[in-house]
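J.: Here's my sequence, what's the structure:
(one chain, ligands or ions: 1)
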Amino acid sequence: MGEEKYKKPRERMVVEQLERRGIVDERLLAAMRAVPRHLFVPSNIRNRAYCDYPLRIGHQQTISQPYIVALMTQLLELKPEDKVLEVGTGSGYQAAILAQLVDKVYTIERIQELAERARENLAAIGLEKVKVEIGDGTRGLPEEMPFDAIVITAAAPSVPEPLKEQLADGGRLVLPAGGHGGQYLERWTRQGEIISREKLIPVAFVPLIGEYGWPSGMA
Ligand code: SAM
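T.: Sure, this is the predicted structure:
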């Protein structure tokens, strides 16, 4: 499973792509060392699992570049007791990283086949505790709110209103915001009724499709 031949490429990924670019959270670095990313990519491209770019996972979707997964996670500033929501399960890799850092992880995927495969991927490494839901994640998961941290791993026009409402006081929300031409990574933080936004670096993500995202013609 965590086969020997992937250990070196994984260690190189952590040192060259993450530590050298300023990922400093020790618990996060340990998570990136621990999770076998190659099990989350299609078997025919497993040898590229630790490369410095996103990979296709079917249905015109991708598993994000390792650095972007790490950066978004670091921006969430997670504490072990936090309850986290991910919108855009994809392969389940980001959820697996989150589950190394906190106990309660919920993730939503709109494409049923991807959600089912992600469940299998997570179960294969003993992470059945991650709750994978199928549906429109732009509506969030009201029955489980509030969330201390929310990460949206697809490009939204802006933060979907329901997700703002489901963010706990002191909560952090990280997303790529913008359209087809490219987006900026943003972090939104709630303090009481005030939600502030930081605009970070330019990124390129697949679109967030849903009631509070883009219409499905953009898929
Ligand atoms: N986090 C994923 C991983 O670790 O593999 C990569 C996510 S991929 C870049 C974006 C995902 O968001 C796709 O799987 C896509 O189907 C999903 N998505 C897009 N709109 C969605 C929505 N409204 N609700 C849930 N998932 C959505």
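
J.: For this protein, which residues are neighbours of the ligand?
T.: Residues of the chain lying close to the ligand by CB under 6 Å from any ligand atom are 61-64, 87-88, 90-91, 93-94, 108-111, 114, 136-138, 153-154, 205-206, 208-210, 213. The C-beta positions use only the backbone N, C-alpha and C, and glycine is treated the same way.

J.: ok, now with 5 Å
T.: Within reach of the ligand by CB under 5 Å from any ligand atom, the chain has these residues: 61-63, 88, 90-91, 93-94, 108-111, 136-138, 153-154, 208-210.

J.: Narrow those residues to those in helices?
T.: Counting by DSSP state H, the residues of the chain next to the ligand place Y93, Q94 in helices.

J.: got the CA coordinates for the helix or strand containing I97 in CSV?
T.: Here I97, judged by DSSP states H and E, is contained in helix 93-101. Output in CSV follows, covering the C-alpha atoms of helix 93-101 (Å, rounded to 0.1, in the frame of the first residue of the first chain):
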residue,chain,number,x,y,z
TYR,A,93,-6.6,13.1,-1.0
GLN,A,94,-7.2,16.6,0.6
ALA,A,95,-9.7,15.0,2.9
ALA,A,96,-7.1,12.3,3.9
ILE,A,97,-4.6,15.1,4.7
LEU,A,98,-7.2,16.9,6.8
ALA,A,99,-8.1,13.7,8.7
GLN,A,100,-4.4,13.5,9.9
LEU,A,101,-4.9,16.9,11.5
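
J.: Pull the distance from it to the chain's centre.
T.: Centroid displacement of helix 93-101 relative to its chain, using CA atoms, centre = their mean, to the nearest Å, is 8 Å.

J.: which helices and strands sit right next to it?
T.: helix 26-34, helix 66-75, strand 83-87, strand 104-109, helix 112-124 (3 or more CB pairs under 8 Å, 6 or more residues apart in numbering; DSSP states H and E).

J.: Quickly run through the sheet partners of the fourth one, with directions.
T.: Partners of strand 104-109 in the sheet, by DSSP bridges, are strand 83-87 (parallel), strand 131-134 (parallel).

J.: Which one, of the ones you listed, ends up nearest to K199?
T.: strand 83-87 (19.5 Å; CB to CB).

J.: Can you tell me what sits against the closest one?
T.: Applying CB atoms under 8 Å, 6 or more residues apart in numbering, the contact partners of strand 83-87 are 76, 78, 94-95, 98, 102, 104-108, 137-138, 140-141, 144, 146-154, 163, 166, 168, 208.
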